[in-house]
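>>> Attaching a predicted model along with its sequence, questions to come.
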Amino acid sequence: MSTENALLTILIEKINNDTLVLPTLPEIAVKVRKAADDPDVNLMEMADVIGQDPALAARMIKISNSAFLGRTIKVSTLNQAVTRIGLRQIKNIATAMAMEQLFVSQNDLVKTYLDNSWQKTLEVASSAIALLQIYIKKNKHTSLNIDTITLAALVYNIGVLPILTEAERHPEVFATPAFLALAIKKLAGKIGGSIMRAWGFPDDFVEVAQSWSNPNYHPKNPCYVDFIRIGAIEEGILKVANKDEMLGNYIEKGMLTSIAMLQEDDYLTVRNDVKTVFA
């Protein structure tokens, strides 16, 4: 058995035995989600929770003033920002913003992987959110919503983290480009689903993390996985045998008007507006 296969076997055994160390949700995200789930919480109390993290507070104000929310009148305080965004959306946006805190490492190779992974995640998220915004305008009765995909698109590839954590803990054997690429391809989806369950996220998030790169997963109706897949295909992250054929499936499902849509100004403008929120 090759070293790579042996290490892969170790990871699989840890997954099956529930001994693989999963990342924990950043503390500020836990606090915001707990507050948002409290039926008695008010916007002022939520602003106090977010205010405990100056960086998150600044991002919330930025988001509230962004084209992403379609606002033209600027706000300057956290209380105003929280009021504008609303409790439900704050829960997912705050969690999404906190995700960046997890993508850090002291190992140079692992750090490179984490940095690249996070930047690719932002690109895919920008595409997926923009596509769903456009889709919702034409399909107003869809159950899909921007709140959910805002977070789902930023955690879709969360399964890479435990793999890279193992590489950092044992760099002499794990931290090689060949092994990391193989392990991520084979295991990231299954691990991602486990993380979403461990964090207590709804099934939509488990489905996204677990199935976005699974070539055998073909949902009949448009879902969050589809929009994330389009973004991943567009960015070259999800490799497919026939890109045009794959994207053609999404034209049939009514999610794209044409393949050329991904190069049109209307889509690119919305995508850029979304990306500025996370940049």
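Done, it's in.
>>> which residues in the protein form strands?
Using DSSP state E, the chain contains no strands.
>>> Could you list the low-pLDDT ranges of it?
For the chain, residues meeting the criterion pLDDT under 70 lie at 1-7, 71, 175, 279.
>>> Can you tell me which residue is spatially central in it?
Leu154 (1.5 Å; CA atoms, centre = their mean).
>>> thought that one was touching Phe103?
No: counting by CB atoms under 8 Å, Leu154 does not reach Phe103; the two are 10.6 Å apart. In this view, the C-beta of every residue, glycine as well, is placed from N, C-alpha and C.
>>> quick one: the residue nearest to the centre of the chain and Met97, what's the gap?
For Leu154, the distance to Met97 equals 9 Å [CB to CB, to the nearest Å].
>>> Over to Ser127?
Applying CB to CB to Ser127 and Met97 gives a distance of 19 Å.
>>> now the top helix by length along the chain, how far from the centre of its chain.
Assignment by DSSP state H gives helix 108-138 as the longest helix of the chain. Put simply, helix 108-138 sits 7 Å off its chain's centre (CA atoms, centre = their mean, to the nearest Å).
>>> what's the answer for stretch 81-92, then?
Distance, centroid of stretch 81-92 to centroid of chain: 18 Å (CA atoms, centre = their mean).
>>> what comes up buried for that stretch?
81-85, 87, 89-92 (16 or more other CB atoms under 10 Å).
>>> Same question for stretch 192-202.
192-196, 199, 201.
>>> Could you pick out which of the buried residues of stretch 81-92 are located in helices?
Reading helices off those with DSSP H, I get 81-85, 87, 89-92.
>>> could the residues you listed be laid out in JSON lines, adding distance to Lys34?
JSON lines is the format used below for these (distance: CB to CB, whole Å):
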{"residue": "Ala81", "distance to Lys34": "20"}
{"residue": "Val82", "distance to Lys34": "16"}
{"residue": "Thr83", "distance to Lys34": "20"}
{"residue": "Arg84", "distance to Lys34": "22"}
{"residue": "Ile85", "distance to Lys34": "18"}
{"residue": "Leu87", "distance to Lys34": "12"}
{"residue": "Gln89", "distance to Lys34": "16"}
{"residue": "Ile90", "distance to Lys34": "12"}
{"residue": "Lys91", "distance to Lys34": "10"}
{"residue": "Asn92", "distance to Lys34": "14"}
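>>> Show me which pair in those residues is furthest apart.
The span of those, defined through CB to CB, is set by Thr83 and Asn92 at 17.0 Å.
>>> How many residues are close by Ile136?
15 (other CB atoms under 10 Å).
>>> and it, how far is that from Ile129?
11 Å.
>>> same question, Gly86
Counting by CB to CB - Gly86 and Ile129 are separated by 17 Å.
>>> same check, this time on Leu182
Relative to Ile129, and taking CB to CB, Leu182 is found at 30 Å.
>>> Tell me which of the two has more neighbours.
Neighbours per residue, other CB under 10 Å: of Leu182 and Ile129, the larger number sits with Ile129, 27 against 16.
>>> Dihedrals phi and psi, Gln201?
If you look again at residue 201, you'll see it is Phe, not Gln. For Phe201, the backbone dihedrals are phi -80, psi 150 (criterion: degrees, to the nearest 10).
>>> Next, the contact list for the residue nearest to it when sequence neighbours are not counted, please.
Spatial nearest neighbour of Phe201, excluding adjacent residues (CB to CB, 6 or more residues apart in numbering): Val155 at 7.9 Å. Contact criterion CB atoms under 8 Å, 6 or more residues apart in numbering gives 95-96, 99, 192, 195-196, 201, 205, 208-209 as the residues in contact with Val155.
>>> of those, closest to Val32?
Nearest member of the contacts of Val155 to Val32, counting by CB to CB, is Thr95, at 7.0 Å.
>>> circling back: I'd like to know which elements the longest helix of the chain is packed against.
Contact analysis of helix 108-138 by 3 or more CB pairs under 8 Å, 6 or more residues apart in numbering; DSSP states H and E lists helix 146-155, helix 160-169, helix 177-198, helix 224-234, helix 265-278 as its packing neighbours.
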